[in-house]
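Q: Next come a sequence and a model predicted from it.
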Amino acid sequence: MRLVYLQMPCFTKEMDECENHFERWIYILKNMEILERMPWAAQNAVFRRLAEVAEVSALLKEERIKYDRALKRYRDTYNAMTGAELKGRAEGRAEGEREKALASACSMKADNMPAELIAKYTGLSIETINDL
């Protein structure tokens, strides 16, 4: 295990002097309370995400409660829609497989194959095959 200790007062670089992501992170952490906007947010997704988290953490208590409720509603709706989509896809696949089996069974029946053999290859019941 490697421990790294940072002494923020010893970090004296200004925003335009930061050369890599590590230095940018240290700069942001040191100056977070005085920054009006998040630097480098347009350049990197990590800094964009950090800006979003900082905005949420700066909300007042009442605003944060409203935000959390809205986020919960969004996530509930998203999960319900995703679940319905997955269920619909599964049902569609099953229906498509059944239609394919019925089409294959019709072709096999037209070639005078025995119903037992058709049932074996298509997975359909003998009654369904006889009804075709």
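A: Okay, I see it. Because the structure is a prediction, the values reported are computed rather than measured.

Q: Now for Met108, how many residues are close by?
A: Here the count is done by other C-beta atoms under 10 Å, and Met108 has 19 residues near it. The C-beta positions use only the backbone N, C-alpha and C, and glycine is treated the same way.

Q: What sits closest to Arg24 if chain neighbours are left out?
A: Cys18 (4.7 Å; C-beta to C-beta, 6 or more residues apart in numbering).

Q: is it true that that neighbour touches Ile28?
A: No: with contact defined as C-beta atoms under 8 Å, Cys18 does not reach Ile28; the gap is 9.2 Å.

Q: And the residue nearest to Arg24, how close does it get to Leu50?
A: 14 Å (C-beta to C-beta, to the nearest Å).

Q: for Lys72, same thing?
A: From Lys72 to Leu50 the distance is 23 Å (C-beta to C-beta).

Q: Now for the chain, the helix or strand with the poorest mean pLDDT.
A: In the chain, the helix or strand scored least confidently by mean pLDDT, DSSP states H and E is helix 45-57, which has a mean of 79.

Q: and the longest helix that the chain contains, average pLDDT?
A: Identified as the longest helix of the chain according to DSSP state H is helix 61-110. For helix 61-110, the mean per-residue pLDDT is 92.

Q: Quick one: name whatever helix or strand follows it.
A: Using DSSP states H and E, the helix or strand that follows helix 61-110 in sequence is helix 115-122.

Q: So which elements touch the helix or strand just after that next one?
A: Sequence-wise, the next helix or strand downstream of helix 115-122 (DSSP H and E) is helix 126-131. If you count contacts as 3 or more C-beta pairs under 8 Å, 6 or more residues apart in numbering; DSSP states H and E, helix 126-131 packs onto helix 61-110, helix 115-122.
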